[in-house]
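Student: Next come a sequence and a model predicted from it.
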Amino acid sequence: MPPISRAAEAPPLDDLFGLVRVIELGSFAGAARELGVPTSTVSRAVQRLEANMGVRLLHRTTRSVRVTEEGAELHQRVAPALLALRDAVRDVEVSESSPRGRLRVTAPADIAATFVADVIGDFTRQHPEVDVELVITQRLVDLVAEGIDLAVRAGVLRDSSLISRRLGSVPAWLCAAPGYLERRGAPRTLADVSRHDLVLFRADRGRARWGLEAGAKRATIEVRGRIACDDFTFVRAALVAGAGLGLLPAPAAVRDIAEGKLVHVLGASGGDLGALHLVYPSSRHLPAKVTAFRDFLVERFAAYCRPVVSRKRSVRTKAAGG
């Protein structure tokens with residue numbers, strides 16, 4: 001293979017930018033001011049181009065700069081590409097400073113269908129240049145391989161190189177539909193709960209043990225429910241339909257309570273269902289769209305869940321977050 005000649009070498013982009021601005025502005029000094037460099041730097045850039053290409057690109061005098069035929073041809077061919085390249089870099093810089101572009105988020109079904117859905121709707125209204133794509137799945141997602149920006153996950157995270165931010169513990173609220181309470185009457189005490197129709201989550205043959213608290217009052221009761229399932233999305237739907245009383249994660253209940261579809265019965269909760277985390281590949285150079293959504297989610301979650309003990313921490317988690 002014959003050696004590559006100097007004329008075949010790709011010239012540095014900075015040198016080409018310098019030449020283009022000299023030609024367009026008609027002076028080395030003007031190009032230097034625009035580029036924020038000394039005039040001598042622009043002059044040396046043009047000299048390197050001429051030496052590399054073996055042709056004169058500019059005629060210089062003490063009073064003027066005139067482009068040669070070769071210089072004009074080079075300018076005609078490279079200027080549009082350099083302009084497109086400059087605009088592309090500026091667009092990326094803008095996207096890093098203000099939320100824009102496509103944001104890919106993953107969450108399990110029960111969290112995605114309630115809390116995350118509400119947050120995404122409000123977030124996109126506040127940030128019209130961000131498009132959100134939600135991947136709903138119970139499996140462990142490889143964030144990097146699948147191009148996921150951020151995952152919302154419940155429970156304990158296993159070791160890996162991902163970054164985790166703990167949102168807080170998720171309380172379970174005792175809820176029922178207004179129609180059910182009108183038909184059966186609202187419980188007056190925590191002990192009354194066991195005498196109602198109940199929708200249970202992960203019951204053992206229709207039975208469960210609930211530790212309830214309402215203010216300073218606490219009670220542990222044995223409950224039996226004719227309806228039981230292992231999915232909070234179904235529990236919520238059954239409660240809204242008037243099937244009875246049940247425990248729902250606060251994120252799944254808050255919107256229905258605000259809209260009058262559910263009632264927070266006795267203001268009672270059934271303890272914590274575990275911690276909710278945000279997981280993302282790296283904390284360095286996060287795009288503005290990711291930091292904006294992360295902070296938005298943290299603020300919304302804090303409104304009805306327990307305080308976060310550790311605001312931010314790095315964990316090793318095998319769960320790729322999704």
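Tutor: In hand now; what should we look at? Numbering: from 1, shown residues only.

Student: number of nearby residues for A216?
Tutor: 5 (other Cβ atoms under 10 Å). In short, each C-beta sits where N, CA and C put it, glycine included.

Student: need the contact list for the most centrally placed residue in the chain.
Tutor: Here the mean C-alpha position of the chain is nearest to the C-alpha of V290 (Cα atoms, centre = their mean), at a distance of 3.9 Å. For V290, the contacting residues are L103, D149, L150, Y280, by Cβ atoms under 8 Å, 6 or more residues apart in numbering.

Student: and the strand or helix carrying it, how far from the chain's centre?
Tutor: V290 is located in helix 288-302, with elements delineated by DSSP states H and E. Remark: helix 288-302 is offset 8 Å from the chain centroid, using Cα atoms, centre = their mean, to the nearest Å.

Student: Where does the prediction get shaky in the protein?
Tutor: Along the chain, segments meeting pLDDT under 70 span 1-10, 87-97, 114, 155-161, 283-285, 304-322.

Student: would you list every one of the helices in it?
Tutor: Using DSSP state H, the helices of the chain run over 13-25, 28-35, 39-53, 69-97, 109-111, 117-126, 178-184, 232-240, 250-258, 288-302.

Student: Now do the fifth one: which elements does it pack against?
Tutor: Based on contacts counted as 3 or more Cβ pairs under 8 Å, 6 or more residues apart in numbering; DSSP states H and E, the elements that helix 109-111 packs against are helix 232-240, helix 250-258.

Student: one more time with 10 Å, if that's ok
Tutor: Under the contact criterion of 3 or more Cβ pairs under 10 Å, 6 or more residues apart in numbering; DSSP states H and E, helix 109-111 touches strand 130-136, strand 150-154, helix 232-240, strand 245-249, helix 250-258.

Student: can you list the residues that contact it?
Tutor: Residues from elsewhere that reach helix 109-111 (Cβ atoms under 10 Å, 6 or more residues apart in numbering): 116-117, 136-138, 152-154, 170, 201, 231-236, 248-249, 251-252, 276.
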